[in-house]
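A.B. asks: Predicted model and sequence follow; I will ask about them next.
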Amino acid sequence: MMTSTTLDAPSAKPLLDWYDRHHRDLPWRVSPPMAARGIKADPYRVWLSEVMLQQTTVPAVKPYFANFLARWPTVHDLAEAPSEDVMAAWAGLGYYARARNLKKCAEAVAQDHDGVFPDTEDGLKSLPGIGDYTAAAVAAIAFNRRAAVMDGNVERVISRLYAIATPLPASKPLMKQKVALLTPSDRPGDFAQAMMDLGATICTPKRPACALCPFNGSCEALRLHDPEHFPVKAAKKDKPVRYGAAFAAVTADGELLLRRRIESGLLGGMTEIPTTGWTARLDGETSADAAPFPAAWEACGTVTHVFTHFELRLSIYRVAIPAQIQTDNGWWEPVTNLESQALPTVMKKAITTAIPLAFTHSKE
């Protein structure tokens with residue numbers, strides 16, 4: 001069995017051989033058989049998929065990726081798209097700052113780089129919204145640069161391979177050093193994707209299939225008979241609970257009052273029904289007294305939505321009115337058009353609580 005010392009520079013061949021046989025077929029990926037036919041990775045597709053995959057699963061991303069490519073097949077197309085359309089297409093995928101930065105990055109590539117992505121980590125990090133991880137992933141996968149790519153799957157593989165006892169996130173620098181040592185000069189992009197696939201399909205959080213792992217003869221966690229202990233994570237703090245209210249006003253013609261949130265901050269630039277001033281740190285008003293206009297508002301339930309750093313509980317109110325009321329902030333949208341709006345998941349929950357068939361109608 002290899003020791004941790006000899007593991008500092010092992011051959012990547014067993015993993016790459018495994019990847020050649022067992023790689024996942026993904027719509028943004030150039031698989032080894034495709035590469036053998038001379039097909040090269042499209043940096044636009046790689047970048048788009050990597051941004052979408054942050055904090056999101058592959059099954060959730062696939063339909064969004066397909067929709068984006070169908071509507072905006074090149075970075076120039078995305079750069080020229082109206083921001084509202086991009087936000088609406090992103091709605092439901094979460095972490096909406098990614099969508100705002102996606103648009104800014106596309107504009108920068110189109111305007112400042114003639115539609116060509118920089119092919120180095122430093123060049124990529126000069127673009128809006130691209131940090132260390134995305135720069136490394138795009139550099140390796142799209143341009144075959146030797147870069148240390150670290151996502152959650154790779155962290156799990158590395159932490160077990162070396163039995164790293166330091167809890168996350170403090171252990172990330174050490175993990176990145178280990179990944180850098182393991183990454184080969186030949187096929188670094190395939191190596192990065194192989195590590196991701198290994199973590200997603202073999203080195204899983206629970207009940208890893210260690211017998212099938214190409215690193216099973218070298219894994220310190222397996223030698224210790226405790227792979228599931230790794231990665232070690234710091235104790236989670238309880239999420240604070242915040243409170244607020246949201247208001248669904250519907251006309252006799254089936255129009256719903258909507259408004260757009262300010263560009264900065266949580267859910268920035270997204271569409272919502274009127275809501276109170278809750279934030280990650282402060283509660284908002286929870287009574288009908290905070291409604292956007294005086295009316296016979298009816299309480300119709302509460303929705304709970306969990307964000308990364310807090311839990312939100314919204315009291316939902318609704319009112320039916322004969323016709324539109326003029327407001328200084330917002331517009332009236334037919335309920336049948338809701339699917340085309342940039343509504344985040346929490347607002348879809350709120351609207352569904354007030355108007356149970358709203359999104360069923362909007363698909364007809």
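C.D. replies: Okay, I see it.

A.B. asks: Please parse this protein into its domains.
C.D. replies: According to automatic domain parsing, the chain comprises the domains 6-229, 241-362.

A.B. asks: For L314, grab phi and psi.
C.D. replies: Main-chain torsions, L314, degrees, to the nearest 10: phi -110, psi 130.

A.B. asks: circling back to that earlier point, with distance to A235 added, can I get the domains of the chain in JSON lines?
C.D. replies: From N, CA and C alone the C-beta is placed, and that goes for glycine too. Listed next are these as JSON lines, based on distance: least, CB to CB, whole Å:
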{"stretch": "domain 6-229", "distance to A235": "8"}
{"stretch": "domain 241-362", "distance to A235": "16"}
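
A.B. asks: which residues of the stretch 1-150 of the chain score low on pLDDT?
C.D. replies: Across the stretch 1-150 of the chain, the stretches falling below the confidence threshold (pLDDT under 70) are 1-10.

A.B. asks: quick one: the helices in it?
C.D. replies: Ranges of helices within the stretch 1-150 of the chain are 13-22, 32-36, 43-53, 58-71, 75-80, 83-90, 97-112, 121-125, 132-143, based on DSSP state H, counting those that start in this stretch.

A.B. asks: CA atoms only for the second one, dumped as PDB, please.
C.D. replies: Read that as helix 32-36. Extracted in PDB, the C-alpha atoms of helix 32-36 (Å, rounded to 0.1, in the frame of the first residue of the first chain):
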ATOM      1  CA  PRO A  32     -12.600  10.700 -24.200                       C
ATOM      2  CA  PRO A  33     -14.200   9.100 -27.300                       C
ATOM      3  CA  MET A  34     -15.200  12.500 -28.600                       C
ATOM      4  CA  ALA A  35     -11.700  13.900 -27.900                       C
ATOM      5  CA  ALA A  36     -10.200  10.900 -29.800                       C
END
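
A.B. asks: Buried residues in that helix, which are they?
C.D. replies: Of the residues in helix 32-36, those buried by neighbour count under the rule 16 or more other CB atoms under 10 Å are P32, A35.

A.B. asks: Same question for the fifth one.
C.D. replies: Buried residues in helix 75-80, defined by neighbour count with 16+ other CB under 10 Å: V75, H76, D77, L78, A79.

A.B. asks: on that earlier part again, for the helices of the stretch 1-150 of the chain, which one ends up most surrounded?
C.D. replies: For these, ranked by mean neighbour count under the definition mean count of other CB atoms under 10 Å, the leader is helix 132-143 at a mean of 24.
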